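**Student:** Predicted coordinates and the sequence they were generated for:
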Amino acid sequence: LGAPWGGTVKSLAVLASGDNYGLALDLLKIREQQRATTTNHWLLPTRRAWPADHVFVSTPSYNYTYNDYRKFFTDIGHEDGWFKWQHSRDFLTDLPPPGVDVYCMYGANIPTPMTYIYDEGFPSSQPVQIVYGDGDNTVCMKSLSLCREWKDQQQHNVHLVELPGKHHFDTIYDVEALEIIQDILLGNYSEHQVNSRN
């Protein structure tokens, strides 16, 4: 449900300048907590989902791509982040197909960050512009739909179930998503039925 198979660009902004998720929390204080967890480092965009030259973070002095993560961590004053990412970056690399029917469900058709643009205040200021693509507001479609690769790697079915207009953090409580999960568990799932809902 909303699995970030190829990471999320949002994790770079979280590590650089913090994200208070709309709450009245000091961004720089919350950033320290967000840098302390390994989850945000593990969620960095991967080469499986992104071309090597895609710019994830742009500043007046540098454009950061997948190949620039070490410089990114140095420039944001979080050198330890490089080692956290090194430790966790291969967790999903070469993940074998599960050998059972798979249902990948995720939100879609919602503007989702693909590139963050900062001014001279980087990394202690928020982005001044965000370039969006398709996704669930947190994870881009490039990452959400990577489980489709298993279609050609196993005999069991791989179902990609898009939930148009559903946000990443809302899908776990979404009535439509829960009904689809119930149908799967009861053996009543039908792609035609899901498509007619959308």
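**Tutor:** That came through fine. Numbering: from 1, shown residues only.
**Student:** Helices along the protein, start to end?
**Tutor:** 10-17, 27-36, 39-42, 69-75, 80-88, 141-144, 175-186, 191-197 (DSSP state H).
**Student:** Let's have the ones you listed in a markdown table, adding mean pLDDT and distance to residue 112.
**Tutor:** Backbone N, C-alpha and C define where each C-beta goes, glycine included. Compiled in a markdown table, those are given as follows (pLDDT from 0 to 100; distance: least, C-beta to C-beta, whole Å):
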| stretch | mean pLDDT | distance to residue 112 |
| --- | --- | --- |
| helix 10-17 | 96 | 8 |
| helix 27-36 | 90 | 19 |
| helix 39-42 | 92 | 17 |
| helix 69-75 | 98 | 20 |
| helix 80-88 | 94 | 21 |
| helix 141-144 | 95 | 8 |
| helix 175-186 | 93 | 18 |
| helix 191-197 | 60 | 21 |
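**Student:** now those helices in TSV, with distance to residue 119 and mean neighbour count?
**Tutor:** Listed next are these as TSV, based on distance: least, C-beta to C-beta, whole Å; neighbours: other C-beta atoms under 10 Å:
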stretch	distance to residue 119	mean neighbour count
helix 10-17	11	24
helix 27-36	15	15
helix 39-42	23	20
helix 69-75	14	18
helix 80-88	22	16
helix 141-144	27	25
helix 175-186	38	14
helix 191-197	43	11
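**Student:** What distance do you get for residue 94 to residue 153?
**Tutor:** Using C-beta to C-beta, to the nearest Å, residue 94 is found at 11 Å from residue 153.
**Student:** of these two, who's got more company?
**Tutor:** residue 153 (12 against 5; other C-beta atoms under 10 Å).
**Student:** The more buried one touches residue 99, doesn't it?
**Tutor:** No: taking contacts as C-beta atoms under 8 Å, residue 153 lies outside contact range of residue 99: 9.6 Å.
**Student:** Can you check the distance spanned by stretch 42-50, start to finish?
**Tutor:** Here the two ends of stretch 42-50 are set 15 Å apart, with distance taken as C-alpha to C-alpha, to the nearest Å.
**Student:** So what touches it?
**Tutor:** Stretch 42-50 is contacted from outside by 4-12, 54, 56, 66, 69, 84-85, 88-89, 91-93, 140, 142-143, 146, using C-beta atoms under 8 Å, 6 or more residues apart in numbering.
**Student:** Check stretch 66-73 too.
**Tutor:** Residues contacting stretch 66-73 (C-beta under 8 Å, 6+ apart): 12, 15-16, 44-47, 50, 52, 54, 56-57, 62, 64, 79-82, 85.
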